[in-house]
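Undergrad: would you be able to build a 3D model of this:
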Amino acid sequence: MNRADRFNEAVAYLKGQQIIKTNKEIASRMKASESTISLALKGSSKHLTDSFLSRFIIAFQSDITFNPLWISGEYEDEPMILIQSDEESEKAPNLPGIKHIIEEPSNPYYKLTQMERLLKAQEDVINSKNETIDSLKREIELLRMQLGLENKQTKVG
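TA: I've put the predicted structure just below:
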């Protein structure tokens, strides 16, 4: 089974579990275009990258934990879904826990997840600085307007 087959199976699973109803919902959660999702479902290797699959896994991690080793298509014997909690592990002891896969430093998905977390943190810092810059620009504009009015008053008087 290749990546496209596995991606389609994962999407079918989400729909079967009524986690999603449409491909538009996938696009929304992944912050991707509907055409990108459509092309990925049709098997476009240009779209079914490690990054795309990681974004898919992360987009649905609050509902289900897909196994990145399974969805990548590189490991045939891996389960599609991972178990997260110890309570769930007791119910299905044959499935590995998410920490076994995601937090394994040699796993490329671990590195990708870490890089995405770092990127998000850096984006938050940039957004905060942009808000500060915008606030300062507004203050400068107010001061210029005040100075412009004061300059006109001193010239007239």
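Undergrad: am I right that S54 is in contact with P68?
TA: Yes: here S54 reaches P68: they are 6.8 Å apart, a contact under CB atoms under 8 Å. All C-beta spots, glycine's among them, are computed from the backbone N, C-alpha and C.
Undergrad: the more surrounded of these two?
TA: P68 (26 against 19; other CB atoms under 10 Å).
Undergrad: closest to the centroid, which residue in this structure?
TA: R55 (4.4 Å; CA atoms, centre = their mean).
Undergrad: what about that residue, helix or strand, and which?
TA: Secondary structure assignment for R55, by DSSP states H and E: helix 50-59.
Undergrad: so what does the helix or strand that that helix is followed by touch, helix or strand wise?
TA: Downstream of helix 50-59, the first helix or strand assigned by DSSP H and E is helix 68-71. Contacts defined by 3 or more CB pairs under 8 Å, 6 or more residues apart in numbering; DSSP states H and E place helix 68-71 against helix 3-16, helix 50-59, helix 98-102.
Undergrad: quick one: average pLDDT of the longest one?
TA: To tie it back to what came earlier, the one meant is helix 3-16. On average, the pLDDT along helix 3-16 is 90.
Undergrad: what comes into contact with that helix?
TA: Helix 3-16 is contacted from outside by 1, 20-21, 23, 26, 40-45, 48, 53, 56, 60, 63-64, 66, 70-73, 80-81, using CB atoms under 8 Å, 6 or more residues apart in numbering.
Undergrad: ChimeraX command for the buried members of those?
TA: A single ChimeraX command selects the buried members of the contacts of helix 3-16 (16 or more other CB atoms under 10 Å):
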select :20,23,26,40,41,48,53,56,60,64,66,70,71,72,73
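Undergrad: ok, back up a step: looking at the helix holding R55 now, give me its mean pLDDT.
TA: Helix 50-59 carries an average pLDDT of 87.
Undergrad: now swap in stretch 140-156 and tell me
TA: Averaging pLDDT along stretch 140-156 gives 75.
Undergrad: about what we covered before: hey, C-alpha coordinates of the helix holding R55 in CSV?
TA: Only the C-alpha atoms of helix 50-59 are listed here, as CSV (Å, rounded to 0.1, in the frame of the first residue of the first chain):
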residue,chain,number,x,y,z
ASP,A,50,6.4,14.1,4.6
SER,A,51,5.5,17.7,5.5
PHE,A,52,1.9,17.4,4.2
LEU,A,53,1.4,14.0,6.0
SER,A,54,2.7,15.5,9.2
ARG,A,55,0.4,18.4,8.9
PHE,A,56,-2.5,16.0,8.4
ILE,A,57,-1.6,14.0,11.4
ILE,A,58,-1.2,17.1,13.6
ALA,A,59,-4.5,18.6,12.3
